[in-house]
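Undergrad: attaching a predicted model along with its sequence, questions to come.
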Amino acid sequence: MNILIVGGAGYIGSHVAREFLDRGHSVTVFDNLSSGKRENLFPEAKFIHGDILDYTGLSRAATDRRSAGGFDALVHLAAFKAVGESMVNPEKYSVNNINGTINILNAAVEGGIKNFIFSSSAAVFGRPEYLPVDEAHPTNPESYYGFTKLEIERFLGWYDKLKGIRFAALRYFNAAGYDVKGRLKGLESNPANLIPVIMETACGIRKEVQIFGNDYDTPDGTGVRDYVHVSDLAIAHAMAMDYTSKNDKSITVNLGSETGISVLEIVEAARRITGKPIPATIVGRRAGDPAKLTASSKKAHDLLNWTAQYSDLDMLIKTSWEVYRNI
């Protein structure tokens, strides 16, 4: 199948591109390289340097294979994703995440693309009312980033009804790790997530890791989250495309490991695996951080036969360290 991956040079996007290529699909990556990396591009895939805010270029990309039957699916991974930044610069997130997605959807319509895989987020839920969080959990995002993801899901619902685009909205929990076969080396720029911050501290790029609160109602007092390996996420994208194309039906599913890991557990595992001291300092809680957040991925298992194969703590740390240790 012919797959257009928008944002396919980024951290998650490059893993998704690799998975589709491994499965024998034809892949075209569309990316402006604002956060994506050239080293994350593969020679087997076509690359189009373009921006989702440039509708003319995006439309040209979505329609440039009509002579060969067109693209069978589009994967959208081009949203901005920093929660804190979205709260101080909502304008940036409105333009890129909302306007940009409308451009992508309209280009998909123009190109006759009927299958749409969207990188959504557990941020659509907000503070958990019960655990584990399943797809029926109320959606009440506490960040503007989460709001944009939820709005995009609503747009997708309307384009399903009105234009026949079948979508899979994949609600990631905390993505982490690197390609289990070691084929991807491009690091995120200015990462804000815990494991990359720990890795940068282990490498001496940062002086210390800040732990936001140690007085939560958890076994060691630090926040507990559900971490899912990026290779597992990539596999889920391919499975979701198979599902929407074969069943002519849209789905929304959670993607998590269903296991909670605390901040201190991750720091201690990183010290053990890297052999580095990794200084860490306890600071105050961040506003809006729940004590614990874990996923139910039963729906993804039931519909897609997906399970998190690589999302144990040691694999998350080991695959990350294999990339960071060489910088």
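TA: Yep, that arrived.

Undergrad: show residues contacting the longest helix belonging to the chain.
TA: For the chain, the longest helix by residue count, based on DSSP state H, is helix 144-163. For helix 144-163, contacts defined as CB atoms under 8 Å, 6 or more residues apart in numbering pick out 79-83, 85-87, 90, 93-94, 97-98, 101-102, 105, 108-109, 116, 118, 120-121, 123-126, 139, 141, 165-167, 169, 250, 252. Yep, even glycine has a C-beta here, placed from its N, CA and C like the rest.

Undergrad: list the buried residues in it.
TA: Neighbour counts over helix 144-163 (16 or more other CB atoms under 10 Å) mark 144-153, 155-156, 159 as buried.

Undergrad: ok, stretch 236-256 next?
TA: Buried residues in stretch 236-256, defined by neighbour count with 16+ other CB under 10 Å: 236-244, 250-256.

Undergrad: need the buried residues of helix 144-163 in CSV (columns: pLDDT and distance to residue 175).
TA: Below are those laid out as CSV (pLDDT from 0 to 100; distance: CB to CB, whole Å):
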residue, pLDDT, distance to residue 175
144, 95, 20
145, 96, 14
146, 96, 15
147, 97, 20
148, 98, 17
149, 98, 14
150, 98, 18
151, 98, 21
152, 98, 17
153, 98, 18
155, 98, 23
156, 98, 20
159, 98, 25
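
Undergrad: re earlier: and the longest helix of the chain, C-alpha only, in PDB?
TA: The C-alpha coordinates for helix 144-163 follow below in PDB (Å, rounded to 0.1, in the frame of the first residue of the first chain):
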ATOM      1  CA  TYR A 144      -4.400  23.500  25.500                       C
ATOM      2  CA  TYR A 145      -2.300  20.800  23.800                       C
ATOM      3  CA  GLY A 146      -4.800  18.200  24.900                       C
ATOM      4  CA  PHE A 147      -7.700  20.400  23.800                       C
ATOM      5  CA  THR A 148      -6.300  20.600  20.300                       C
ATOM      6  CA  LYS A 149      -6.000  16.800  20.100                       C
ATOM      7  CA  LEU A 150      -9.600  16.400  21.200                       C
ATOM      8  CA  GLU A 151     -10.800  18.900  18.700                       C
ATOM      9  CA  ILE A 152      -8.900  17.100  16.000                       C
ATOM     10  CA  GLU A 153     -10.700  13.900  17.000                       C
ATOM     11  CA  ARG A 154     -14.000  15.700  16.600                       C
ATOM     12  CA  PHE A 155     -13.000  17.000  13.100                       C
ATOM     13  CA  LEU A 156     -12.200  13.400  12.200                       C
ATOM     14  CA  GLY A 157     -15.600  12.300  13.300                       C
ATOM     15  CA  TRP A 158     -17.300  14.800  11.000                       C
ATOM     16  CA  TYR A 159     -15.000  14.000   8.000                       C
ATOM     17  CA  ASP A 160     -16.000  10.300   8.600                       C
ATOM     18  CA  LYS A 161     -19.700  11.200   8.300                       C
ATOM     19  CA  LEU A 162     -19.400  13.700   5.500                       C
ATOM     20  CA  LYS A 163     -16.500  12.500   3.400                       C
END
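
Undergrad: just how off-centre is whatever helix or strand comes next after that helix within its chain?
TA: Next helix or strand after helix 144-163 toward the C-terminus (DSSP states H and E): strand 166-172. Remark: strand 166-172 is offset 11 Å from the chain centroid, using CA atoms, centre = their mean, to the nearest Å.

Undergrad: stretch 127-138 now?
TA: For stretch 127-138, the distance to the chain centre is 19 Å (CA atoms, centre = their mean).

Undergrad: with stretch 289-306 instead?
TA: On the basis of CA atoms, centre = their mean, stretch 289-306 sits 14 Å off its chain's mean C-alpha point.

Undergrad: same thing with stretch 18-37?
TA: 14 Å.

Undergrad: what count of nearby residues applies to residue 55?
TA: 17 (other CB atoms under 10 Å).

Undergrad: what's the closest non-adjacent residue to it?
TA: Excluding its sequence neighbours, the residue lying closest to residue 55 (CB to CB, 6 or more residues apart in numbering) is residue 103, at 4.9 Å.

Undergrad: can you put the buried residues of helix 144-163 in JSON lines and add distance to residue 322?
TA: Converted to JSON lines, those look like this (distance: CB to CB, whole Å):
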{"residue": "144", "distance to residue 322": "34"}
{"residue": "145", "distance to residue 322": "29"}
{"residue": "146", "distance to residue 322": "31"}
{"residue": "147", "distance to residue 322": "36"}
{"residue": "148", "distance to residue 322": "33"}
{"residue": "149", "distance to residue 322": "30"}
{"residue": "150", "distance to residue 322": "35"}
{"residue": "151", "distance to residue 322": "37"}
{"residue": "152", "distance to residue 322": "33"}
{"residue": "153", "distance to residue 322": "34"}
{"residue": "155", "distance to residue 322": "38"}
{"residue": "156", "distance to residue 322": "36"}
{"residue": "159", "distance to residue 322": "40"}
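
Undergrad: now, which of those residues sits nearest residue 221?
TA: residue 146 (25.6 Å; CB to CB).

Undergrad: how much space separates the closest one from residue 288?
TA: Per CB to CB, to the nearest Å, residue 146 is found 10 Å from residue 288.
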